[in-house]
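1. Structure for the following, please:
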Amino acid sequence: MPTLISASEVTVRYGERANLDAATLGIQDGDRIGLVGRNGAGKTTFLKLLAGVQMPDEGEVDRQRDLVVSYLPQDFMLDAAKNVYENVRAGAQHVLNLIAEFESLPHDSKRHEELESRIAVLEGWTLDRRIEVALAHLNCPAADRRVESLSGGEKRRVAMARAIASRPDFLMLDEPTNHLDPESIEWVAEFLENFGGAFLVVTHDRYFLDRVTSTILELSNGKFFSHAGNYTDYLLAKAERQEADATIEHKRQMFLKKELAWVRQGPRAQRSKQKDRFERYYNEAAKDGPVIEEDVELVIPPPPQLGNRTVEVAGLGMEIAGRKLFGGFNFTFENGKRVGICGRNGLGKSTLLKIIIGQLAPTEGTVKTGQLTKFNYVDQGRLQLNEERTVLDEVADGTEFVQWGEAKLSVRSYLKRFLFADDRILTPVKKLSGGERSRLLLARILKSGGNFLILDEPTNDLDLPTLRVLEEALIAFPGVTCVVSHDRYFLNRVCTDILAFEGDGKIHHSVGDYDYYLEKKQKAAAAEERQSAAMLATNKAAESRKAAAAKGTNASRPAKPRKLTFTEQHELDGMEAKIHAVEAEVARIEGLFAQPDYFRKHAAQASQLTGELDAAKENLTRLYARWEALEAVRTASTDSKAG
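-> Below you'll find the predicted structure:
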């Protein structure tokens, strides 16, 4: 495979820290890379180097000639003077330039054929149609909306459409799933699975990484570590690497301990053999051991005691600007429950949270809150940070301690639990990385305590190690937790209950994690489909009988209805079993498609399974039609005898 872009011995420093330290990497055509690492490790910096918007302090970045690169940064920029459609179309400016040149040339120009071929490769002739599809599937605002009127989440979806509509050779996406609902994430995943070029994606969505990547690239201490496979494979490989490093370090320490005892005895004579032993000792002592990664010690402050009643909602409904979001919702938030709220954007998830805490009044129903219930609400906007203040000042707010249950914890000790070392505690907020800012916000908010914790999209912008620790902290939290999230992995790990907004004006409750909710939803849909098919068959049979009866009445010489032959009767007797068997086969294959690890386990069989599913559905249709025909003959014969 040809190399599209390469970074050779690149170094980028921020003060005394080197985010990239003589790092080297080559990206080839067709690569499907997931880039992981702690926030602040340099992932975004590396993407900027590849995109050409930042230059390294040392080293070089080389690109293939005429390489088309598309980049969705976390801090994207849209043209406020243009509407949604114009912004997305501008992302394919290289295609528009080719089309403009093609149309400006005389018809007999020798360059016509070359331009036409290049435009066809870039699918330039269908650009406007592809933009419409991207806007629809990403749930973007109306194409003629002005960008300045959009929310942050809407702008991000527009920026995503802009990045992928251009059909680049190399696509880079920095946290693409943030602010996207499950349907939009599914569409982006399908897009990347079918993407013809190379891509590199930075995301905290572990199911997304498992599904779309074939290589995981870890950036740690300024260096790259490449792991073949998806995110699950990477975790296993990293654990093995760390175990091997620990074994080597243990042997080194044992050697140093043994040699140190010998060195302290002093040499008996200055023989060359003893000098070699001294040299080996000092060489080993000078080596650096493996870097031990620290984890955030994210322990949520112990909550005050809850009463018998926490929060109870009855007949809850909400209507905004004449549009009913939901109605008839009844639920009790019991102590110890960790409730996950999911569904498409705009259906009322954040509205429900605001009703629970009393920020909004419902249009129908009641919310009863216990006297001892104390909310701690972390909304999507969270809090605004003062760019000029230090990390310490932002959390301390003039105090030296944080209340920790019945005890107190110094602000410095509290911040160290969020991975702020001494040298970063006095750093101004404006110099923090995106991940450090996110951890600072969590530290600032969670210090408020509370026994009813409400988190609206808490996983956005957190790195994977911090996410895992947040999950552990929420699982251990003894109060009530309510979380809005599109992160399937997060919902599975944390939640005991799911409240799902499915777009039908209701909030559906399911006990268990998110996967169990999906399983039940799929089974219910399959049962409804079978019921509809059975009703359709019954109605058709009734129509057939009615038509036959009408024909018999109008005929001058009504023909005597025939009976089923022995073979036909035998076929009819076994028809129900055949239909059930084929329905079971359809359900089995559809169940495989719905599995979260389907693409890891069955990717090679995708075409075969799709063919088998289509064949099974066609067979089911044929069986129902045959059953209707035989049943009509049997019914007509029976009615004739009765008459």
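
2. Can you find the helix or strand in this protein with the smallest mean pLDDT?
-> Lowest by mean pLDDT, DSSP states H and E among the helices and strands of the chain is helix 598-602, with a mean of 55.

3. what about the stretch 251-400 of the chain, any weak spots by pLDDT?
-> Counting by pLDDT under 70, the ranges of the stretch 251-400 of the chain that qualify are 259-260, 262-279, 281-299, 380-384.

4. Mind naming the longest helix for the chain?
-> Scanning the chain for the longest helix, with DSSP state H as the assignment, gives helix 514-554.

5. From the chain's centroid, how far away is that one?
-> From the chain centre to the centre of helix 514-554 is a distance of 37 Å (C-alpha atoms, centre = their mean, to the nearest Å).

6. following that helix, which helix or strand shows up next?
-> Tracing the chain C-terminally past helix 514-554 and defining elements by DSSP states H and E, one meets helix 566-573 next.

7. in the next helix or strand after that following helix, what counts as buried?
-> As assigned by DSSP H and E, the chain's next helix or strand after helix 566-573 is helix 575-594. Buried residues in helix 575-594, counted by 16 or more other C-beta atoms under 10 Å: 575, 579, 582, 583, 585, 586, 587, 589, 590. (Glycine included, C-beta is placed from N, CA and C.)

8. One more: stretch 182-196?
-> The neighbour-count check on stretch 182-196 (16+ other C-beta under 10 Å) flags 182, 184, 185, 187, 188, 189, 191, 192, 195 as buried.

9. Stretch 619-635 too?
-> So, applying 16+ other C-beta under 10 Å, buried residues of stretch 619-635: 619-620, 623-624, 626-628, 630-635.

10. what's the offset of the one helix or strand residue 628 maps to from the middle of its chain?
-> Assessed by DSSP H and E, residue 628 sits inside helix 606-642. From the chain centre to the centre of helix 606-642 is a distance of 41 Å (C-alpha atoms, centre = their mean).

11. what inclination does it have with respect to helix 575-594?
-> If you take axes from the mean of the first three to the mean of the last three C-alpha atoms, to 10 degrees, helix 606-642 sits at 160 degrees to helix 575-594.

12. what kind of secondary structure is residue 22 in?
-> With DSSP: H, G, I helix; E, B strand; the rest coil as the basis, residue 22 sits in strand.

13. should've said residue 385
-> For residue 385, the secondary-structure state derived from three-state DSSP is coil.

14. Nearest residue to it in space, please, no chain neighbours.
-> Excluding its sequence neighbours, the residue lying closest to residue 385 (C-beta to C-beta, 6 or more residues apart in numbering) is residue 429, at 4.9 Å.

15. burial count for the one you found?
-> For residue 429, the count of nearby residues is 17 (other C-beta atoms under 10 Å).

16. ok, now which ones touch it?
-> 385, 386, 387, 388, 389, 390, 391, 394, 437, 440 (C-beta atoms under 8 Å, 6 or more residues apart in numbering).

17. who wins for neighbours among the residues you listed?
-> Using other C-beta under 10 Å as the neighbour criterion, residue 391 leads those with 27 neighbours.

18. ok, the residue nearest to that one when sequence neighbours are not counted - contacts?
-> Spatially, and ignoring its direct neighbours in sequence, residue 391 is nearest to residue 425 (5.2 Å; C-beta to C-beta, 6+ apart). Listed by C-beta under 8 Å, 6+ apart, the contact set of residue 425 reads 390, 391, 392, 412, 415, 416.

19. could you redo those residues as JSON lines and give each row secondary structure and distance to residue 310?
-> As requested, the contacts of residue 425 are arranged in JSON lines below (DSSP: H, G, I helix; E, B strand; the rest coil; distance: C-beta to C-beta, whole Å):
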{"residue": "390", "secondary structure": "strand", "distance to residue 310": "37"}
{"residue": "391", "secondary structure": "helix", "distance to residue 310": "34"}
{"residue": "392", "secondary structure": "helix", "distance to residue 310": "35"}
{"residue": "412", "secondary structure": "helix", "distance to residue 310": "34"}
{"residue": "415", "secondary structure": "helix", "distance to residue 310": "30"}
{"residue": "416", "secondary structure": "helix", "distance to residue 310": "32"}
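
20. wait, which of those residues is closest to residue 54?
-> Nearest to residue 54 among the contacts of residue 425 is residue 391, at 24.6 Å by C-beta to C-beta.

21. Please look at the closest one and residue 431 and confirm they touch.
-> No. In this structure, residue 391 is not within contact of residue 431 by C-beta atoms under 8 Å, at 9.7 Å.

22. Make sure residue 19 is indeed in a strand.
-> Yes. In this structure, residue 19 lies within a strand as judged by three-state DSSP.

23. so who does it touch?
-> Counting by C-beta under 8 Å, 6+ apart, residue 19 touches 12, 13, 40, 41, 42, 45, 222.

24. One more: residue 533?
-> Applying C-beta under 8 Å, 6+ apart, one finds that residue 533 lies in contact with 620, 624.

25. ok, now how distant is it from residue 578?
-> When distance is defined by C-beta to C-beta, to the nearest Å, residue 533 is 14 Å away from residue 578.

26. Phi and psi next, for the most centrally placed residue in the chain.
-> Central residue of the chain (C-alpha atoms, centre = their mean): residue 205, 3.8 Å from the mean position. With angles defined as degrees, to the nearest 10, residue 205 sits at phi -80, psi 100.

27. per-residue confidence for it?
-> For residue 205, the pLDDT comes out at 87.

28. That one reaches residue 489, doesn't it?
-> Yes. Counting by C-beta under 8 Å, residue 205 touches residue 489, with 7.2 Å between them.

29. In terms of helix, strand or coil, where does the closest residue to residue 58 other than its chain neighbours fall?
-> Excluding its sequence neighbours, the residue lying closest to residue 58 (C-beta to C-beta, 6+ apart) is residue 11, at 4.1 Å. Following three-state DSSP, the label given to residue 11 is strand.

30. Residue 11: neighbour count?
-> By the measure other C-beta under 10 Å, the count of residues near residue 11 is 15.

31. residue contacts, it?
-> By C-beta under 8 Å, 6+ apart, the contact list for residue 11 reads 18, 20, 21, 22, 23, 56, 57, 58, 59, 222.

32. Quick check: pLDDT value at the closest residue to the last one other than its chain neighbours.
-> Read that as residue 222. Once flanking residues are discounted, residue 222 sits nearest to residue 21: 2.9 Å by C-beta to C-beta, 6+ apart. Here, the pLDDT recorded for residue 21 equals 88.

33. Save the buried residues of stretch 182-196 as CSV, and put in secondary structure too.
-> Below are the buried residues of stretch 182-196 laid out as CSV (three-state DSSP):
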residue, secondary structure
182, helix
184, helix
185, helix
187, helix
188, helix
189, helix
191, helix
192, helix
195, coil
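
34. can you list the residues you listed in a markdown table and add pLDDT and distance to residue 457?
-> What follows is the buried residues of stretch 182-196, written out as a markdown table (pLDDT from 0 to 100; distance: C-beta to C-beta, whole Å):
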| residue | pLDDT | distance to residue 457 |
| --- | --- | --- |
| 182 | 80 | 13 |
| 184 | 81 | 14 |
| 185 | 85 | 13 |
| 187 | 82 | 19 |
| 188 | 87 | 17 |
| 189 | 89 | 19 |
| 191 | 86 | 22 |
| 192 | 90 | 22 |
| 195 | 87 | 26 |
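
35. Of the residues you listed, which is the nearest to residue 148?
-> The shortest gap between residue 148 and any of these belongs to residue 184, at 22.6 Å (C-beta to C-beta).

36. State the distance from that closest one to residue 140.
-> In this view, residue 184 and residue 140 are 9 Å apart by C-beta to C-beta.

37. Likewise for residue 329?
-> Going from residue 329 to residue 140 by C-beta to C-beta gives 29 Å.

38. Contact partners for residue 502?
-> Residue 502 neighbours (C-beta under 8 Å, 6+ apart): 343, 508, 521.

39. Excluding sequence neighbours, find me the nearest residue to the first one.
-> Spatial nearest neighbour of residue 343, excluding adjacent residues (C-beta to C-beta, 6+ apart): residue 501 at 2.9 Å.
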